[in-house]
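Enquirer: Fold the following for me, if possible:
(chains A and B)
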Number of protein chains: 2
Amino acid sequence: MRIVVVGGVAAGMSAASRAQRFSPDARVVVFERGEYVSYGACGLPYVIGGEVDSFGDLVARTPEQMRARGIGVRVRHEVTGVDARAGTVTVLDRASGRTTTEPFDRLLLATGVSPVRPDWARTDLEGVHVLRDIPDGEALEASVRGARRACVVGGGYIGLELAEALRARGLSVVLLEKGPEVAGRMLDPQLQVQVRGELERGGVDVRCGVTVQGLTGRGRVTGVQTDAGLVRADLVVVAVGVKPNVDLARAAGVRLGKTGAVAVNARQETNVPGVYSAGDNTESLHRVTRRRVHIPLGLTANRMGRIAGVNMAGGDARFPGVVGTGIFRTFGLGVARTGLTQTEAQDLGLDAVSVDVTSTDHAGYHRTSRPIHVRLTAEKGSGRLLGAQLVGHNHLSVKRVDVVAALLGRRGTAQDLFDADLAYAPPFSGVWDVLLVAADRLHRLI
Amino acid sequence: MRIVVVGGVAAGMSAASRAQRFSPDARVVVFERGEYVSYGACGLPYVIGGEVDSFGDLVARTPEQMRARGIGVRVRHEVTGVDARAGTVTVLDRASGRTTTEPFDRLLLATGVSPVRPDWARTDLEGVHVLRDIPDGEALEASVRGARRACVVGGGYIGLELAEALRARGLSVVLLEKGPEVAGRMLDPQLQVQVRGELERGGVDVRCGVTVQGLTGRGRVTGVQTDAGLVRADLVVVAVGVKPNVDLARAAGVRLGKTGAVAVNARQETNVPGVYSAGDNTESLHRVTRRRVHIPLGLTANRMGRIAGVNMAGGDARFPGVVGTGIFRTFGLGVARTGLTQTEAQDLGLDAVSVDVTSTDHAGYHRTSRPIHVRLTAEKGSGRLLGAQLVGHNHLSVKRVDVVAALLGRRGTAQDLFDADLAYAPPFSGVWDVLLVAADRLHRLI
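Expert: The predicted structure is shown next:
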């Protein structure tokens, strides 16, 4: 049994490790077009910001360590073609320029996503960056040194994390967002404004509703031209979204879903026999809506990879799906969500109702208590929980989103949440944890 | 409808508020033998330690505020007798010494618990304290000023919290525990030693397996006589447990459970028609074992009170029970538990299996990451989760115990926990939250 994995980061490496462990006799080979495998891409902004010492710290396992476990790893090897019927891939050795054909019995596409680069961002100007992998990070790091004015384009996870990181490095930062507010895809409007407020308190010049038209500069970037005038900048980060890398899938005859990412079943199988897909390039099932979604995040990628690895090696594992959990920190603020926002629920035609509770994360009388805001959403009639959004001034306080995430997976109700015997002591929560307060108010509206 | 509530702290005040809200025409009267009502007793150690400014801060609502809501509150009024058949209570006005008889249609016993005082602790010596209510706290506070050497007897929640508080006040602290280890009733032995280690790092002289025999001193205490010699101390705190206040229940013909606390059904009704019981003096249903337990904690008391209040006012509410969640901080360490420990599960004859995982609370490469230990327990065969114990060096990290607590309430399995879509970003957790790592290892052993 020969298992070929295309892509050696989260999903690919999880799959390779699982397959090899499940079936030690299988021959598992990973082709990674980049230089690094098995690293935590989510940590990249924190290296820039100085909260992680070096890019090397993000690497969980080196190719040598993987090889010692019996897994073949070839870095700087790009898979450029697939012949699914013949069971072969075409592999370009980027160092030598040589191309070879490699056979497989099972193939995993774990090709990830690429940053979206609008036309204006396709430039040779120095100081213009995206941030997806370690080389991107190293290039950005080099640009940060000597830069004074940064412009971050895009108010999603990466844009927000980088805005903070660049402030921590002493740069002035302008954040441009095309939509009416930052974090627009993650939160309902009531919570978006809280995120912007924190960015502004942190010294970020946030400008929403602004469309970028082009860049200025010669050799190095000097500014960002927008429909609201020129933003001077000697460093520009483009963080306007990602798109799944599906060229190889298309070439293999693999079906894509409506989201544009690869369609798979719960075993991570594509429509082409023997070809699996996992990770950021792949759709998953949303357990609340039962629809296919494309939410590329680290844990999901790792989960899919494990499932694919077991199945490719002859086992039978199934991915139950996601519930749309996400979390980030911006300056002192923690922001988390799970399930659906009220907006998302309504857009799906659900009869949803939400409550907002502003309270404290710890006992109100305890000196460590800070404000926390919870918006909790449920379906009218059934009382089924649909989602939660949290914004907390002690960033760790929003990790309690996990309680709702766990209940969403079990189709729990607001009453189930209210009945949960949550932990209480003054340095940890109020006697009624803010989640319980929200659940109590919510189930009276159902 | 006349509703009489005996006891004006957590359960009593919750009940009174609910009853009055549910049935505004009802006449609700609360008799509290002490001076204060509606305060957070769990905050008392933190006033001593300086983390809460004053005892007054613990008061959620004053008698005046309760009266403004239409609830009669009589402080320094002790209910000394009940005639359930006649529907009357005998009330002693402690200020005037006068006794009156008051009628009721519904009666709530929310009499709480009292600190256990062993024979050696029944003394007139100054500097010997228990900590249960605000006057206890004020007396302890007065003793702390001028004291240099404290001896805390008992290694449970209160003893541990007070040991830290007294260290924070600059006292030397010896902690005596009769059992083989501190936190013995909360955790399995593997985790108990971690708690002791943290106490010792905080400068507490911990001595386990030591039995107190008596006190020395004249006027003021000078030492604690033990089977391991004399411990010099000018301040002694007795924190060896609590016992439910059930004299009134007995007098009313109310049945007690095997635990010694008042037996009730899910509506908080006792065996005597019209007489309810709620709070620390009352048993509750353990949702994991389906047995009656006596675990006096603040959230549970508040919950029971609400249920009793609704039912006394003519509604129909039911308390689903507890899962045995508890949490405390000792110095930098957070300690939490829910469900059953391995020891408890075995003692109940369950076929339990546990895994231990030591990892980091945040991404391992992130500078804020600190060690966290999780012990997760499930039932063999069924995979049903039985409990979790957490010890974390960033104390807030153990609040994730709530995820397990919520699943226990829904009879979730290790697989359910593993499948939970928990929130991940490097400043919040590893890509695989430590709970997921534990669930993964555990469900392979089932």
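Enquirer: Let me see the domain layout of chain A.
Expert: Following automatic domain parsing, one gets these domains for chain A: A:2-114+A:243-312, A:117-240, A:326-443.
Enquirer: who's in contact with A:E51?
Expert: Residues near A:E51 by C-beta atoms under 8 Å, 6 or more residues apart in numbering or on different chains: B:366-368, B:426-427. The C-beta positions use only the backbone N, C-alpha and C, and glycine is treated the same way.
Enquirer: just curious, which of these is nearest to A:V403?
Expert: Of all those, B:P427 has the smallest distance to A:V403: 19.0 Å, by C-beta to C-beta.
Enquirer: out of the domains of chain A, deepest packed?
Expert: Counting by mean count of other C-beta atoms under 10 Å in any protein chain shown, domain A:326-443 has the highest mean neighbour count of the domains of chain A, with a mean of 23.
Enquirer: circling back: can you redo the domains of chain A as TSV with mean pLDDT?
Expert: What follows is the domains of chain A, written out as TSV (pLDDT from 0 to 100):
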stretch	mean pLDDT
domain A:2-114+A:243-312	97
domain A:117-240	97
domain A:326-443	97
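Enquirer: which stretch among those domains comes nearest B:H77?
Expert: Closest among those, using C-beta to C-beta: domain A:326-443, at 25.0 Å.
Enquirer: So what would you say the end-to-end distance of that closest one is?
Expert: 24 Å (C-alpha to C-alpha, to the nearest Å).
Enquirer: next helix or strand past the helix or strand where A:R167 lies?
Expert: Here A:R167 sits within helix A:157-168, counting by DSSP states H and E. Per DSSP H and E, the first helix or strand lying C-terminal to helix A:157-168 is strand A:172-177.
Enquirer: In the stretch 251-400 of chain A, what residue spans correspond to helices?
Expert: A:298-312, A:342-347 (DSSP state H, counting those that start in this stretch).
Enquirer: Relative to B:L408, which of those helices is closest?
Expert: Across the helices of the stretch 251-400 of chain A, closest to B:L408 is helix A:298-312 (C-beta to C-beta), at 22.6 Å.
Enquirer: Which elements pack onto that closest one?
Expert: Under the contact definition 3 or more C-beta pairs under 8 Å, 6 or more residues apart in numbering or on different chains; DSSP states H and E, helix A:298-312 sits against helix A:10-22, strand A:106-109, strand A:275-277.
Enquirer: Next up, the contacts around the residue nearest to the spatial centre of chain A.
Expert: In chain A, the residue lying closest to the centroid (C-alpha atoms, centre = their mean) is A:L297, at 3.1 Å. For A:L297, the contacting residues are A:280, A:322, A:326, B:424, by C-beta under 8 Å, 6+ apart.
Enquirer: Can you tell me how far the second one is from chain B?
Expert: Going from A:V322 to chain B by C-beta to the nearest C-beta, to the nearest Å gives 5 Å.
Enquirer: Okay, and the beta partners of the nearest residue to A:H395 once chain neighbours are set aside?
Expert: Excluding its sequence neighbours, the residue lying closest to A:H395 (C-beta to C-beta, 6 or more residues apart in numbering or on different chains) is A:G334, at 3.2 Å. Bridge pairing for A:G334 (DSSP bridges) gives the partners A:R329, A:G392.
Enquirer: thinking A:G334 is in contact with A:Q389, fair?
Expert: No - taking C-beta atoms under 8 Å as the definition, A:G334 is not a contact partner of A:Q389, at 11.5 Å.
Enquirer: wait, which of the helices and strands packed on helix A:298-312 is closest to B:D234?
Expert: helix A:10-22 (59.5 Å).
Enquirer: Those residues of the stretch 151-300 of chain A touching chain B, which are they?
Expert: A:157, A:287, A:297-300 (C-beta under 8 Å from any C-beta of the partner chain).
Enquirer: Max pairwise distance over those: which two?
Expert: It's A:Y157 and A:R287 that sit farthest apart of these, by C-beta to C-beta, at 21.3 Å.
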